[in-house]
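**Student:** Here is my input; please provide its structure:
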Amino acid sequence: MYLLPDTARQVDFLVSQAQARGRTPSLVMGVVRDGDLAHVAVAGGHPRADGDLQYRIGSISKTMTATLVMQERDAGRLALDDRLEEHLPGTGIGDLTLRQLLGHASGLQREPDGDWWERAEGVDLATLLSRVDAGKIAYPPHRSYHYSNLAYGLLGGVLERITGTPWAQLLRERILDPLGMDRTTYQATEPFARGYVVHPWHGTLREEPRTDTGAMAPAGQLWSTVTDLARWAAFLAGPAPAVLAPDTLTEMCAPVVISDLDSWTGGHGLGLELYRDGDRVYVGHGGSMPGYVAALAVHRPSRTAVVGYANAYGFAIGSLGRRILTAVLDAEPPLARPWVPTAATPPGEVTELSGRWWWMGVPLDVTWDATAGELVLLMRGERESRFVPEGPDRWRGRTGPENGEILAAQRDESGAVTALDMATFLFTRTPDQEP
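**Tutor:** Residues are numbered from 1 along each chain as shown. Below is the predicted model of the structure:
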């Protein structure tokens, strides 16, 4: 995949403009389409970036920690509504659930005790846990969104206790190696960009320390490249089932809490931030560590994403990434999947169910997708739901407004289908027939 020249030029312009106005030593942004890194835009020369240059990804690390938690849930080794006490006893905050911690709805304070963890050498898990008590709940659980780095340090501890494997090793074995993310590492590995604070008045640079954050590593330790982060973005758009079930990733993208109650432009799922831009919703996460910022935003329906880094603390890279993503989608909307004729006659029951049905004067069209083996129901010509067979005359909703609901065919004494019962709403073949 690639971008059209005009679109690529627009992305290059936005990146060069942002680097100049934001005064960051280097800036790199990558556009991902259909799983491929379609374009890389760079600006600044300190250092001159490319797809293989490492930066810190900061809190984008949380999206991978959350994926590890969901793997354990799918394997039956934990439940999202488990109390923290079941896995890390004696903290004093044991009534908080793993779901609340993942979605920043626990009310747990933002940072652990001690020095600012992002700029200090980290402590081990036992020391982190010794500093946690009931006083760390800063906001009533369930009430609202309250971002917590500490929550992800604890989730990393849960993973270590359940698996008996350190978080970094688990991440390498379960995610990084399977996805070919060889340049995503716990510590910086050359070539990497040094991170800076830019002096506000005379533009000089102060290099920031590159710390090992210890037990807080699951919240923000990792280093990566544009090429590797593009692979992660592609995974979030369409996951490899060997790493995570697609339905589980979709579950992670559902809001646990809305972070902007005034206009509903943002929220948080299970480890993923949610951003609304007009009629589109992007998933991803921002990242920052001393001297670095990072961006990840994915439009899952079109499998389009933007990833990027800058090596100046405080640079507004998240809004830039979403602006670029919107510009790409506006300029190059995804092509529709081509229609393919059906090679074989559908099963007999499908033939009986196909066509137009009515409920209270409202039309329902039933068609057959032979490739997927699904019934496609279109209500009023716009609300599509898909159903898969579950037994004789019985179908289960898989997507759309009727997801999970039952569609049952009703037959008369001769065996002919006379009505469709969809979640108790009875559809017949004529618009004026009494349901």
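**Student:** The one helix or strand Gly308 maps to - contacts with which helices or strands?
**Tutor:** Following DSSP states H and E, one finds Gly308 within strand 304-310. If you count contacts as 3 or more CB pairs under 8 Å, 6 or more residues apart in numbering; DSSP states H and E, strand 304-310 packs onto strand 27-33, helix 226-237, strand 292-299, helix 317-331. In this view, the C-beta of every residue, glycine as well, is placed from N, C-alpha and C.
**Student:** So which residues of the stretch 251-400 of the chain form helices?
**Tutor:** Using DSSP state H, counting those that start in this stretch, the helices found in the stretch 251-400 of the chain span residues 317-331, 348-353.
**Student:** Highest mean neighbour count out of the ones you listed?
**Tutor:** Using mean count of other CB atoms under 10 Å, the stretch among the helices of the stretch 251-400 of the chain with the greatest mean number of neighbours is helix 317-331 (a mean of 20).
**Student:** May I have that helix as CSV, with CA atoms only?
**Tutor:** Provided in CSV are the C-alpha atoms of helix 317-331 (Å, rounded to 0.1, in the frame of the first residue of the first chain):
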residue,chain,number,x,y,z
ILE,A,317,2.0,14.6,19.1
GLY,A,318,-1.4,12.9,19.9
SER,A,319,-3.5,15.6,18.3
LEU,A,320,-1.1,15.8,15.4
GLY,A,321,-1.5,12.0,14.8
ARG,A,322,-5.3,12.2,14.8
ARG,A,323,-5.2,15.2,12.5
ILE,A,324,-3.1,13.3,10.0
LEU,A,325,-5.3,10.2,10.3
THR,A,326,-8.4,12.3,9.5
ALA,A,327,-6.7,14.0,6.6
VAL,A,328,-5.7,10.6,5.1
LEU,A,329,-9.2,9.1,5.5
ASP,A,330,-10.8,12.2,4.0
ALA,A,331,-8.4,12.3,1.1
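**Student:** State the mean pLDDT of the strand holding Gly308.
**Tutor:** For strand 304-310, mean pLDDT rounds to 98.
**Student:** relative to strand 27-33, how tilted is it?
**Tutor:** Here strand 304-310 points in a direction 170 degrees away from that of strand 27-33 (axes from the mean of the first three to the mean of the last three CA atoms, to 10 degrees).
**Student:** Partner strands of strand 304-310, with direction?
**Tutor:** Its sheet considered, strand 304-310 pairs with strand 27-33 (antiparallel), strand 292-299 (antiparallel) by DSSP bridges.
**Student:** Spell out which residues make up each domain of this protein.
**Tutor:** For the chain, the structural domains run 5-331, 348-427, going by automatic domain parsing.
**Student:** show me where pLDDT drops low in this protein?
**Tutor:** Residue ranges of the chain with pLDDT under 70: 142-143, 435.
**Student:** and the gap between the nearest residue to Leu236 once chain neighbours are set aside and Val32?
**Tutor:** Take Leu236 and drop its neighbours on the chain: the residue closest to it by CB to CB, 6 or more residues apart in numbering is Val298, 4.8 Å away. Going from Val298 to Val32 by CB to CB, to the nearest Å gives 8 Å.
**Student:** Report the set of residues contacting both of the two.
**Tutor:** 233, 237, 304-305 (CB atoms under 8 Å, 6 or more residues apart in numbering).
**Student:** from those residues, which two are the most distant?
**Tutor:** Farthest pair in those (CB to CB) is Ala233 and Thr304. Separation: 9.1 Å.
**Student:** Could you export the domains of the chain as TSV, including distance to Pro341?
**Tutor:** Formatted as TSV, the domains of the chain follow (distance: least, CB to CB, whole Å):
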stretch	distance to Pro341
domain 5-331	24
domain 348-427	9
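**Student:** In stretch 66-78, which residues are buried?
**Tutor:** Buried positions in stretch 66-78, judged by neighbour count with 16 or more other CB atoms under 10 Å: 66-73, 78.
**Student:** can you confirm Gly16 is in a strand?
**Tutor:** For the record, residue 16 is Ser, not Gly. No - looking at Ser16 with DSSP: H, G, I helix; E, B strand; the rest coil, it is helix, so not inside a strand.
**Student:** Phi, psi for the closest residue in space to it that isn't next to it in sequence please.
**Tutor:** Using CB to CB, 6+ apart and skipping the chain neighbours, the partner closest in space to Ser16 is Ala43 (4.5 Å). Main-chain torsions, Ala43, degrees, to the nearest 10: phi -150, psi 150.
**Student:** Only the buried residues of the host helix or strand of Leu129, if you could.
**Tutor:** Taking DSSP H and E as the definition, Leu129 sits inside helix 125-130. Judged by neighbour count (16+ other CB under 10 Å), helix 125-130 contains these buried residues: 125, 128-129.
**Student:** Would you reformat the residues you listed as JSON lines and include distance to Ala242?
**Tutor:** Formatted as JSON lines, the buried residues of helix 125-130 follow (distance: CB to CB, whole Å):
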{"residue": "Leu125", "distance to Ala242": "29"}
{"residue": "Leu128", "distance to Ala242": "32"}
{"residue": "Leu129", "distance to Ala242": "33"}
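**Student:** now, which of those sits nearest Thr227?
**Tutor:** Nearest to Thr227 among the buried residues of helix 125-130 is Leu125, at 31.9 Å by CB to CB.
**Student:** Run through the residues that contact the nearest residue to that closest one once chain neighbours are set aside.
**Tutor:** Computed as CB to CB, 6+ apart, the closest residue to Leu125 that is not its neighbour in sequence is Ala215, at 4.4 Å. Counting by CB under 8 Å, 6+ apart, Ala215 touches 122-125, 127-128, 153, 156-157.
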